[in-house]
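*Asks:* this one's sequence-less:
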């Protein structure tokens with residue numbers, strides 16, 4: 001007898017060169033001028049019109065004949081925790097692919113990008129218990145280990161346990177502030193009753209980003225008006241989109257970063273959100 005392990009396909013790999021180029025620009029010629037939570041001192045240079053006056057180094061300026069500004073670059077060795085929701089809602093198909101597969105593809109692109117940026121990437125797959133876990137030890141890419149951990153994952157037909165998930169994240173080995181990226185479905189009932197009440201405990205310790213795959217068929221249904229049936233379908237689609245918008249607004253009120261994109265755009269959108277946090281000095 002033989003056994004075969006089917007690895008995630010990682011279709012979003014094609015976006016990696018472009019995202020790495022953006023990171024190199026961020027870490028090089030486009031160095032940040034204002035210090036953020038996730039930036040460290042890089043160098044001094046002469047002031048040019050348009051620079052933020054808050055970046056002026058007055059002591060260095062006093063020793064020279066010109067105005068000097070400080071520049072900052074994104075810190076390395078930050079911690080990223082990728083959390084895959086493997087509960088019932090992740091089994092729903094968008095197109096012909098389960099939501100979980102879209103989430104894994106986006107997680108792999110972010111893991112590869114963050115690893116190249118010098119950050120440490122961990123993985124947690126959870127529904128009512130831990131289904132897979134990868135912990136980083138030191139710098140270096142963990143993509144091969146994450147791919148192997150994802151291979152046996154399937155959506156479990158059980159309701160998620162938000163309390164257990166938050167407790168597992170908070171009891172993790174990392175005591176420092178980290179970026180927690182939760183890839184899940186925007187199920188209004190599950191999030192409003194389960195996750196939202198527990199967000200303060202999580203966001204007080206970590207920076208949280210929620211990423212959800214949208215269904216382009218729902219958007220298409222909302223625009224249809226050709227028949228009685230299509231009008232009913234449009235009403236159902238509008239209700240779904242309205243609930244999704246309500247959840248997104250509630251997440252943002254709690255200080256949660258939110259990424260909502262169609263399947264083909266989810267992976268690059270999540271990578272762009274990560275780069276954006278780097279550019280703002282928040283990571």
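*Replies:* Cool, the structure landed. From a predicted model like this one, the values you see are computed outputs, not experimental measurements. Numbers count the residues shown, from 1 in each chain.

*Asks:* and the most centrally placed residue in the chain, what does it touch?
*Replies:* Among the residues of the chain, the one closest to the centroid is residue 181, at 4.3 Å (C-alpha atoms, centre = their mean). The neighbours of residue 181, taking C-beta atoms under 8 Å, 6 or more residues apart in numbering as the test, are 80-83, 107, 110, 209, 211, 270. C-beta coordinates here come from the backbone N, C-alpha and C atoms, glycine included.

*Asks:* and with 10 Å instead?
*Replies:* With contact taken as C-beta atoms under 10 Å, 6 or more residues apart in numbering, residue 181 is in contact with 80-84, 103, 106-107, 110-111, 114, 121, 207-211, 257, 259, 270, 273-274.

*Asks:* same question for residue 168.
*Replies:* Contacts of residue 168 (C-beta under 10 Å, 6+ apart): 83, 124, 126, 129-130, 133, 161.

*Asks:* now, which of the residues you listed sits nearest residue 282?
*Replies:* Checking the contacts of residue 168 against residue 282 with C-beta to C-beta, the nearest one is residue 83 at 18.7 Å.

*Asks:* mind listing the helices in the stretch 51-200 of the chain by residue range?
*Replies:* Ranges of helices in the stretch 51-200 of the chain, per DSSP state H, counting those that start in this stretch, are 58-62, 99-116, 143-150, 162-170, 188-190, 199-203.

*Asks:* how about those, which one is nearest residue 230?
*Replies:* Residue 230 lies closest to helix 188-190 among those, at 23.7 Å (C-beta to C-beta).

*Asks:* you'd agree residue 278 is in a strand?
*Replies:* No - the assignment for residue 278 (DSSP: H, G, I helix; E, B strand; the rest coil) gives helix, which keeps it out of a strand.

*Asks:* residue 15 reaches residue 275, doesn't it?
*Replies:* No - counting by C-beta atoms under 10 Å, residue 15 stays clear of residue 275, with 11.6 Å between them.

*Asks:* before we move on, the earlier item: can you put the helices of the stretch 51-200 of the chain in TSV and add mean pLDDT and distance to residue 177?
*Replies:* As requested, the helices of the stretch 51-200 of the chain are arranged in TSV below (pLDDT from 0 to 100; distance: least, C-beta to C-beta, whole Å):
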stretch	mean pLDDT	distance to residue 177
helix 58-62	87	30
helix 99-116	96	15
helix 143-150	95	22
helix 162-170	94	12
helix 188-190	80	26
helix 199-203	92	11
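
*Asks:* which one of these is the most hemmed in?
*Replies:* Ranked by mean neighbour count, these are led by helix 99-116 with a mean of 25 (mean count of other C-beta atoms under 10 Å).

*Asks:* okay, the angle between it and helix 143-150?
*Replies:* Calculated by axes from the mean of the first three to the mean of the last three C-alpha atoms, to 10 degrees, helix 99-116 forms an angle of 160 degrees with helix 143-150.

*Asks:* pLDDT weak spots in this protein?
*Replies:* 27-43, 50, 72-76, 138-140, 173-174 (pLDDT under 70).

*Asks:* how about a cut-off of 90?
*Replies:* Low-confidence segments of the chain (pLDDT under 90): 3-6, 9, 22-78, 95-96, 117-118, 136-142, 172-177, 186-194, 225-226, 278-283.

*Asks:* what about the longest helix in it?
*Replies:* Using DSSP state H to define each element, the chain has its longest helix at helix 228-253.

*Asks:* walking through this structure, point out its strands one by one.
*Replies:* In the chain, the strands defined using DSSP state E lie at 39-46, 68-74, 79-85, 93-94, 97-98, 120-126, 130-134, 179-183, 207-213, 257-261.
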